[in-house]
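Participant: this one's structure only:
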């Protein structure tokens, strides 16, 4: 397992309403710490998906304690929260959005607090995220980058520049399976891939937070955590390196089955 220096960021964090907040924050902080070299900055980039949870769930009650030894305070920059452990270590949480496009593709708007209208095309959604000050990420999901939607993904990359769009690689893309061809082709053109955990809306999924993340080398200003991370993600000269490990094929299938069962009974 590779360990990250500089900044280690889970770039696809969800705090669903079924999650225990204390366990979720503890898992994110602890798992990122296991991937980071001593002194590295830990960051959780939230991608709230419609529910009034996640960042707002914590921000509305800050300052507060979550779990036995974690204190959450607002700021220091709008759109950020600071989580401090008993040992003094700090985790920064940064607001963001997960959006579903008209083509049923997933786009993240990282490091942003604004909203984006529903029902937009993928191209319009990406443009709206950028206009809203966020970092757009076109994220892989099982079965969503093939067929007609695969052609949409390829067309988006052909019309975009590496400074305008990132690709997202979630923990659910099981290790051992071939990498999507789009990733390789995009890297050849200079596009970068950002890694994150992307837990499912199921109980006990908190444990996956922070297990697959992105290492960044660059300047981090603790007084401006949102701006610092946004600048690094949008700079095509800053390499992004995955750290941690994605889940196995068996685990991916079991998690997918649990989600299917939950949805079939809802």
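Facilitator: Yes, it's here. Not measured: the values here are computed from a predicted model.

Participant: name every strand pairing with the lowest-mean-pLDDT helix or strand in the chain and say which way it goes.
Facilitator: Least confident helix or strand of the chain, by mean pLDDT, DSSP states H and E, is strand 64-66 with a mean of 73. Strand 64-66 has its sheet partners listed here by DSSP bridges as strand 70-74 (antiparallel).

Participant: ok, and what's touching the strand it pairs with?
Facilitator: Strand 70-74 has contacts (C-beta atoms under 8 Å, 6 or more residues apart in numbering) with 22, 25-26, 29, 58-59, 61-66, 80-86, 93. Just so you know, the C-beta spots here come from the backbone N, C-alpha and C atoms, and that holds for glycine as well.

Participant: now do the buried residues in it.
Facilitator: Within strand 70-74, the residues scored as buried using 16 or more other C-beta atoms under 10 Å are 70, 72, 74.

Participant: so where do the helices sit in this protein?
Facilitator: Along the chain, counting by DSSP state H, helices occupy 21-35, 55-59, 122-131, 147-159, 181-188, 225-234, 249-264.

Participant: need the ones you listed in a markdown table with mean pLDDT, can you?
Facilitator: Conversion of the helices of the chain to a markdown table gives the following (pLDDT from 0 to 100):
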| stretch | mean pLDDT |
| --- | --- |
| helix 21-35 | 91 |
| helix 55-59 | 81 |
| helix 122-131 | 96 |
| helix 147-159 | 91 |
| helix 181-188 | 90 |
| helix 225-234 | 95 |
| helix 249-264 | 88 |
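
Participant: now do the contacts for residue 138.
Facilitator: 105-107, 122, 126, 153, 156, 165-168.

Participant: about what we covered before: now, which of the buried residues of strand 70-74 sits nearest residue 251?
Facilitator: residue 70 (26.9 Å; C-beta to C-beta).

Participant: partner residues bridging that closest one?
Facilitator: residue 66, residue 85.

Participant: check the offset of stretch 193-208 from the chain's centre.
Facilitator: 9 Å (C-alpha atoms, centre = their mean, to the nearest Å).

Participant: tell me which residues of it come out buried.
Facilitator: In stretch 193-208, counting by 16+ other C-beta under 10 Å, buried: 193-201, 205-208.

Participant: possible to save those residues as a markdown table with pLDDT and distance to residue 39?
Facilitator: Output for the buried residues of stretch 193-208, formatted as a markdown table (pLDDT from 0 to 100; distance: C-beta to C-beta, whole Å):
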| residue | pLDDT | distance to residue 39 |
| --- | --- | --- |
| 193 | 95 | 25 |
| 194 | 97 | 22 |
| 195 | 97 | 21 |
| 196 | 97 | 22 |
| 197 | 96 | 22 |
| 198 | 95 | 27 |
| 199 | 95 | 27 |
| 200 | 93 | 32 |
| 201 | 91 | 34 |
| 205 | 94 | 29 |
| 206 | 94 | 26 |
| 207 | 94 | 25 |
| 208 | 96 | 25 |
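
Participant: dump those to JSON lines, plus distance to residue 217.
Facilitator: Output for the buried residues of stretch 193-208, formatted as JSON lines (distance: C-beta to C-beta, whole Å):
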{"residue": "193", "distance to residue 217": "16"}
{"residue": "194", "distance to residue 217": "14"}
{"residue": "195", "distance to residue 217": "15"}
{"residue": "196", "distance to residue 217": "18"}
{"residue": "197", "distance to residue 217": "21"}
{"residue": "198", "distance to residue 217": "24"}
{"residue": "199", "distance to residue 217": "26"}
{"residue": "200", "distance to residue 217": "31"}
{"residue": "201", "distance to residue 217": "33"}
{"residue": "205", "distance to residue 217": "30"}
{"residue": "206", "distance to residue 217": "29"}
{"residue": "207", "distance to residue 217": "28"}
{"residue": "208", "distance to residue 217": "25"}
